[in-house]
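J.: Mind folding the following:
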Amino acid sequence: MIVDYIKFKNLSFTPENRLFMIHGNPRNLSNELEHDITSFYRKLDYNHTSYVIDDDTQTSLIENIFYEQSLFDEKKIITLNIVSNSIPKNLKNFLESVNNKPTDNKIIIKIDRQTSSFKNTKLYKLLSTNDCVIELYELKGKVLEKWVINKCKINKVAYDEDVINDLIKSNFNNSLAISQVIYQRSLLDKNFAAKNINQSKYTEYDLVDMLHKHDSVGFLKVSKYLEDINTPLSYMIYLMNSELEKIYSVKQSVNNKPYIPQFLHSKYNSTCLNYEVNTLLQGLKSISGLDLNSKYNAINSSPWVSFNDLFLNIINNNRI
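T.: Alright, predicted model coming up:
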């Protein structure tokens, strides 16, 4: 069978379901569906293992583990995270043969969106006929709204209709970005988001936008407002430090780059043109000291003033 995200959520698993292929993006939703499957089978005493696949190096091992008989009749569910451009040849042959041998074990295949010809392959046809293929795309409309509400509930973040709409709009309907924002807000006072967004003239993401726009006057105006409504400075430092790291990683080649969604690449490429490498690097070095002062020395310092001074110097490319 072939199902989408909504149909899968209403799907009742059966013992006959042996192979699950999650085909598409985004990866955060792919991880969510994998969790749904493994949670169900763990309740039936299945043990879960996961492999990252970029070639056929592990195929023989995976096949042996899948078919080996345990003394304790152990049942297994194996996740194959395909990171290569396509499924390696030997692994594909193994997957095509799984239904020909009796076993209670299960396999989850996670693979990014393939070309249209992938649906004409033998493996895809076998899985769609005998097993379960989940065609995954970014969520939209009411489905996305319901998903955001559920994420807020899970993370215990207070919300109302305006909060949900703001989350979706400000993150361009991108579920991964929305999920990250909800998690960040869960680190705050749980009532902060709902209490302030509905009555706010500005939000923390307006401050981020001022950094991207290279607008020192706008930055100061938004920062003052956020201070007046008692936005936690530690959260603002965390958020702005994350932005500095992203801009610096685009400006200067670094290892372990922070994740930037594909749809925001052009925005960061444009932003980094306004900043000098040394200014960004000095800003990153200075912000750690600012964070310590704001948490442990606030009585003897003016952390919001220092915060504003630091970022105004960065925006103006002044020596820090």
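J.: those helices in the stretch 201-320 of the chain, which residues are they?
T.: 204-213, 216-228, 233-251, 265-272, 277-296, 303-315 (DSSP state H, counting those that start in this stretch).
J.: Mind putting those helices into a markdown table with distance to Glu74, mean neighbour count and mean pLDDT?
T.: Bear in mind the C-beta positions are built from the backbone N, C-alpha and C, glycine included. Output for these, formatted as a markdown table (distance: least, Cβ to Cβ, whole Å; neighbours: other Cβ atoms under 10 Å; pLDDT from 0 to 100):
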| stretch | distance to Glu74 | mean neighbour count | mean pLDDT |
| --- | --- | --- | --- |
| helix 204-213 | 48 | 19 | 92 |
| helix 216-228 | 54 | 17 | 89 |
| helix 233-251 | 42 | 19 | 91 |
| helix 265-272 | 45 | 14 | 91 |
| helix 277-296 | 48 | 16 | 83 |
| helix 303-315 | 55 | 19 | 88 |
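J.: Just put the ones you listed in CSV and tack on distance to Glu68.
T.: Listed next are the helices of the stretch 201-320 of the chain as CSV, based on distance: least, Cβ to Cβ, whole Å:
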stretch, distance to Glu68
helix 204-213, 51
helix 216-228, 58
helix 233-251, 44
helix 265-272, 45
helix 277-296, 50
helix 303-315, 57
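J.: Nearest to Tyr46, out of those helices?
T.: Of all the helices of the stretch 201-320 of the chain, helix 233-251 sits nearest to Tyr46, with 37.3 Å by Cβ to Cβ.
J.: what angle sits between that closest one and helix 265-272?
T.: If you take axes from the mean of the first three to the mean of the last three Cα atoms, to 10 degrees, helix 233-251 sits at 90 degrees to helix 265-272.
J.: Quick one: list the elements packing against helix 233-251.
T.: Using 3 or more Cβ pairs under 8 Å, 6 or more residues apart in numbering; DSSP states H and E, the elements in contact with helix 233-251 are helix 175-186, helix 204-213, helix 216-228, helix 265-272, helix 277-296, helix 303-315.
J.: Just send those helices back as TSV, with distance to Asp36 too.
T.: As requested, the helices and strands packed on helix 233-251 are arranged in TSV below (distance: least, Cβ to Cβ, whole Å):
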stretch	distance to Asp36
helix 175-186	15
helix 204-213	30
helix 216-228	38
helix 265-272	30
helix 277-296	37
helix 303-315	42
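J.: Skipping adjacent residues, who's closest to Met1 in space?
T.: In this structure, Met1 finds its nearest non-sequential neighbour in Cys132, 5.7 Å apart by Cβ to Cβ, 6 or more residues apart in numbering.
J.: Count the neighbours of the one you found for me.
T.: Residues lying near Cys132 (other Cβ atoms under 10 Å) number 22.
J.: What of the one 3 residues further on?
T.: Using other Cβ under 10 Å as the criterion, Glu135 is surrounded by 17 other residues.
J.: Check which helix or strand it maps to.
T.: Glu135 is part of strand 132-136, with elements assigned from DSSP states H and E.
J.: In its sheet, which strands sit next to that strand, and in what direction?
T.: Take DSSP bridges as the rule and strand 132-136 pairs in its sheet with strand 2-3 (parallel), strand 19-24 (parallel).
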